[in-house]
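[1] Return a 3D structure for these sequence lines:
(one chain, ligands or ions: 1)
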Amino acid sequence: MAYSNFHFEVTDGVAVVLMDRHDEAMNTLGEEFVVELDQVVARLEEPDVKAVVIGSAKKDFLAGADVRMFDRFDSIEDAADALKAIHLIYDRIEALHATAGKPVVAAINGACLGGGNELALTASIRLCTDTSQLGQPEVQLGVIPGAGGTQRLPALVGVQHALEMIVTGRAVRPHKAKQIGLIDEIVPNEMLLEVATRRAADAIDAADAASSKKRSGSRPRLGDLTRFALEGNPAGRKVLFKKATEMMLSETGGNYPAPKRAIEAIRIGIEEGRAAGVAAEIRFFAELVATPESEALRSIFFAQNELKRDTGVDSDATPLAVDDVAVIGGGLMGGGIAAVSAINAGARVRIKEVDDDGVGRGLAYVDRVVAKRAKRRRLSDFEVDRIMNRVTGTKSWQGFGRTDLVIEAVFEDLELKRSVVREVESVVGVDTIFASNTSTLPIVEIARASQHPDNIVGMHYFSPVEKMPLLEVVTTEATSDQTVATAVAFGKRQGKTVIVVNDGTGFYTSRVLGPYTNEAGHLLSEGATVEDIDGAMKAWGFPVGPLLLADEVGLDVGAHIAEIFTDAFGDRMKGPDLLSALVADGRRGRKNEKGFYRYEKGKRKGVDDSVYGVLGLGPRRETDRSSIQERLSLAFLNEAVRCLEEGILRSARDGDIGAVFGLGYPPFRGGPFWTIDRMGAAPVVDALDRLADTHGERFAAAEMLRGHAADGTRFRQR
Ligand code: NAI
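    Alright, predicted model coming up:
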């Protein structure tokens with residue numbers, strides 16, 4: 001029988017099944033795929049099949065569920081039924097070896113995630129390649145593994161490792177997978193199927209596949225002793241679950257229901273047996289799919305996928321090839337930009353600095369990032385050498401003629417940046433693109449120094465560059481589509497999620513923080529404590545509160561930005577100007593260990609209560625958490641809508657992604673526009689009107705928001 005999503009062949013009793021979804025670039029568990037998998041398994045149950053290899057004809061094994069399916073479930077029962085069907089199929093694959101004595105080898109290449117990893121868990125032998133990634137990322141979509149993962153994974157690798165993988169959602173790399181017993185053997189990609197087929201054939205000859213599995217399962221492994229000490233008895237297990245719960249709560253602030261349910265499903269399986277565990281897993285998954293948290297997280301997932309395909313321009317302009325990059329200024333940002341350009345994008349990078357110290361700092365930054373990745377085995381020695389050979393440093397302008405893209409990250413000073421533009425243009429070709437990493441200066445102002453303003457664009461990165469996922473590409477009216485498309489394409493090569501915004505003070509990401517930070521200042525002036533303000537916004541879901549963020553960014557930088565914003569937007573953006581008073585007191589935040597918080601040897605201690613005196617503020621009083629959250633969040637949401645209204649943002653989708661990936665906006669709220677859609681624009685406008693009555697015009701609702709409130713339209717489509 002011919003299948004449309006599988007290649008199938010039986011040779012000498014070994015059936016080789018290769019997954020190959022005909023309608024998608026990636027294998028996922030779509031409806032049609034699952035129906036056919038059921039037929040494939042029926043074929044494997046026939047007596048001529050003595051052993052099985054399950055692999056993939058694509059570059060990835062199986063990436064998990066087809067997430068679009070989640071939106072099509074009509075009810076919790078409907079979702080549960082879909083899961084039960086997959087469980088039945090997976091149980092039958094497991095029974096091939098556990099009951100019928102036919103060894104099943106999973107030949108894993110590339111991504112093996114979610115339902116893919118759960119499929120691999122049903123096999124008796126698992127091989128992967130040195131580039132495979134194995135994981136259960138379901139919590140990132142607000143659900144839990146739903147095809148047996150909460151039961152089979154702890155049975156294979158132990159409770160501790162299973163908890164870590166399932167609760168964090170982080171994938172493990174081959175070496176770690178082998179160490180914890182998730183993988184039996186790592187094989188070079190070109191030999192994967194050949195070795196897998198050999199292992200399957202060899203296993204037929206073994207007296208009994210089921211008992212051979214037991215033998216291999218009891219091989220002593222690193223850490224087995226601690227594992228048994230902790231997991232082998234009820235008291236030890238209790239400690240494990242308690243620790244996992246504490247860790248999860250401190251990471252999620254209790255805002256995410258899925259990790260909690262995952263821990264619960266694993267515990268039920270361990271304490272009450274697999275049948276009870278499976279029933280809990282299915283029920284929890286089905287309930288979680290319908291939660292607003294999961295819906296919001298899925299919206300981010302889809303938006304991110306859409307952005308991967310978005311060229312950043314509406315025309316069909318194509319990006320120029322970028323092989324040679326120059327980074328001007330090798331400080332904190334330049335060092336990071338050079339690192340991701342060389343490591344992720346594979347470009348040749350030349351760091352231009354003013355003196356030997358600067359050159360040394362820039363190169364050392366790249367070196368540190370590379371060394372860290374090598375230590376985590378994400379780069380081989382060979383790759384390390386190749387990357388470092390691609391990066392050079394210089395004080396002179398010689399040899400810049402071949403540069404495709406220049407990214408400047410010199411000090412935040414308009415005249416300096418203009419002089420850099422002029423110098424660069426005197427040594428590069430007419431097609432070379434010039435990008436500025438400025439965080440506040442309008443790109444159009446920098447472009448005034450240019451002979452080719454169509455080549456000038458903003459590439460606004462976030463610190464630390466090698467970790468923060470967002471890149472905000474900023475365009476002026478003069479920037480050509482080809483320039484934008486090139487910046488976007490190169491940003492993606494650097495591993496970034498890229499949004500394109502129009503030029504304007506603060507672009508999008510810095511600007512939405514303006515009213516939000518100002519509101520924190522107003523609250524302080526009214527008597528709120530630093531603890532209450534930061535605590536409220538952390539509880540709302542931000543990774544840090546606004547005042548700690550100000551310390552991190554630098555109070556001097558913040559004060560400077562506040563000035564620029566007041567000039568550009570007038571009274572609406574005028575805060576109580578507390579930052580400049582703090583700067584006058586010698587407080588620049590974390591970098592000089594003096595700010596809203598106290599620091600000692602790089603470590604943050606508690607709030608520095610002397611700030612109130614420095615600011616001339618009276619005694620503190622307790623402030624209601626929900627009123628802090630309402631004022632700060634609405635200030636943020638309203639400004640986001642203004643950015644869309646004024647065309648700074650191309651779409652609400654970009655606004656959501658920019659806030660989540662650039663500013664740590666709570667992912668379970670889906671971004672500011674998703675939050676408004678969920679609350680309803682009308683209640684948001686009502687709340688803003690009420691706040692405007694009490695606190696003044698700074699809360700005046702954006703016109704576009706009123707429009708949505710009046711006609712009930714959403715900003716984002718589901
Ligand atoms: P930094 O002070 O760490 O680095 C600036 C570097 O530029 C220094 O190493 C300096 O020697 C070098 N430099 C100065 N003039 C130069 C010239 N004419 N030619 C070559 N090199 C020169 O500053 P940082 O934090 O890296 O910021 C750089 C730019 O990135 C600024 O425009 C800043 O606004 C922007 N930015 C900063 C962020 C941050 O979190 N620090 C975030 C996003 C953007």
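[2] Residue in the stretch 201-350 of the chain with the shortest distance to the ligand?
    Closest to the ligand within the stretch 201-350 of the chain is G331: 1.9 Å, counting by Cβ to the nearest ligand atom. From N, CA and C alone the C-beta is placed, and that goes for glycine too.
[3] Pull the number of nearby residues for that residue.
    Here the number of neighbours of G331 (other Cβ atoms under 10 Å) works out to 15.
[4] now L121
    With neighbours defined by other Cβ under 10 Å, the count for L121 comes to 26.
[5] My guess is it contacts V157. True?
    No - if you go by Cβ atoms under 8 Å, L121 and V157 don't touch, sitting 9.5 Å apart.
[6] quick revisit: and the residue of the stretch 201-350 of the chain closest to the ligand, what does it touch?
    358, 361-362, 409 (Cβ atoms under 8 Å, 6 or more residues apart in numbering).
[7] now F301
    Taking Cβ under 8 Å, 6+ apart as the criterion, F301 is in contact with 67, 140-141.
[8] what do you get for E281?
    Here E281 is in contact with 144-146, 148-151, 265, 269 (criterion: Cβ under 8 Å, 6+ apart).
[9] what helix or strand is it on?
    helix 274-289 (DSSP states H and E).
[10] For that helix, buried residues please.
    Buried residues in helix 274-289, counting neighbours by 16 or more other Cβ atoms under 10 Å, are found at 277-289.
[11] most neighbours, which of the contacts of F301?
    Neighbour counts for the contacts of F301 (other Cβ under 10 Å) peak at L141, which has 24 neighbours.
[12] That one and the ligand: what is the separation?
    L141 sits 30 Å away from the ligand, going by Cβ to the nearest ligand atom, to the nearest Å.
[13] Now do the contacts for the residue nearest to that residue when sequence neighbours are not counted.
    Leaving aside its chain neighbours, L141 sits nearest to L297 (5.1 Å; criterion: Cβ to Cβ, 6 or more residues apart in numbering). By Cβ under 8 Å, 6+ apart, the contact set of L297 is 140-142, 667-668, 670.
[14] nearest to the ligand, of those residues?
    P667 (21.3 Å).
[15] can you pull the contacts of that closest one?
    296-297, 300, 541, 660.
[16] hmm, 7 Å instead?
    For P667, the contacting residues are 297, 300, 660, taking Cβ atoms under 7 Å, 6 or more residues apart in numbering as the criterion.
[17] the inter-axis angle of the top helix by length along the chain versus helix 274-289?
    Secondary structure assigned by DSSP state H gives helix 76-98 as the longest helix of the chain. Here the directions of helix 76-98 and helix 274-289 differ by 140 degrees (axes from the mean of the first three to the mean of the last three Cα atoms, to 10 degrees).
[18] what's next to helix 76-98, contact-wise?
    If you take Cβ under 7 Å, 6+ apart as the criterion, helix 76-98 is touched by 29, 34, 37-38, 41, 44, 52, 73, 102-104, 118-119, 122, 124, 146-148, 209-210, 213, 278, 282-283, 285-287, 289-290.
[19] Show me how to select, in PyMOL, the buried members of the residues you listed.
    A single PyMOL command selects the buried members of the contacts of helix 76-98 (16+ other Cβ under 10 Å):
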select buried, resi 29+34+37+41+44+52+73+102+103+104+118+119+122+124+146+147+148+209+210+213+278+282+283+285+286+287+289
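[20] Just the local confidence number for L240, please.
    pLDDT recorded at L240 is 89.
[21] Let me fix that, I meant to ask about Q39.
    Predicted confidence (pLDDT) for Q39: 98.
[22] Show me what from the stretch 201-350 of the chain comes close to the ligand.
    328-334 (Cβ under 6 Å from any ligand atom).
[23] Tell me which entries of the residues you listed lie within strands.
    Here DSSP state E is the test, and those give I328 as lying in strands.
[24] Now whichever strand or helix holds V474 - C-alpha only, PDB.
    Taking DSSP H and E as the definition, V474 sits inside strand 470-475. C-alpha atoms of strand 470-475 as PDB (Å, rounded to 0.1, in the frame of the first residue of the first chain):
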ATOM      1  CA  LEU A 470      14.500  40.900  19.200                       C
ATOM      2  CA  LEU A 471      15.800  43.200  16.500                       C
ATOM      3  CA  GLU A 472      13.900  46.400  15.700                       C
ATOM      4  CA  VAL A 473      14.700  47.500  12.100                       C
ATOM      5  CA  VAL A 474      14.000  51.200  11.700                       C
ATOM      6  CA  THR A 475      13.200  52.800   8.400                       C
END
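[25] Report all helices and strands that it contacts.
    Applying 3 or more Cβ pairs under 7 Å, 6 or more residues apart in numbering; DSSP states H and E, one finds that strand 470-475 contacts strand 456-460, helix 481-493, strand 497-502, helix 652-663.
[26] Now, the contacts of helix 76-98 that are in helices?
    Using DSSP H, the contacts of helix 76-98 in helices are 34, 37-38, 41, 44, 118-119, 209-210, 213, 278, 282-283, 285-287, 289.
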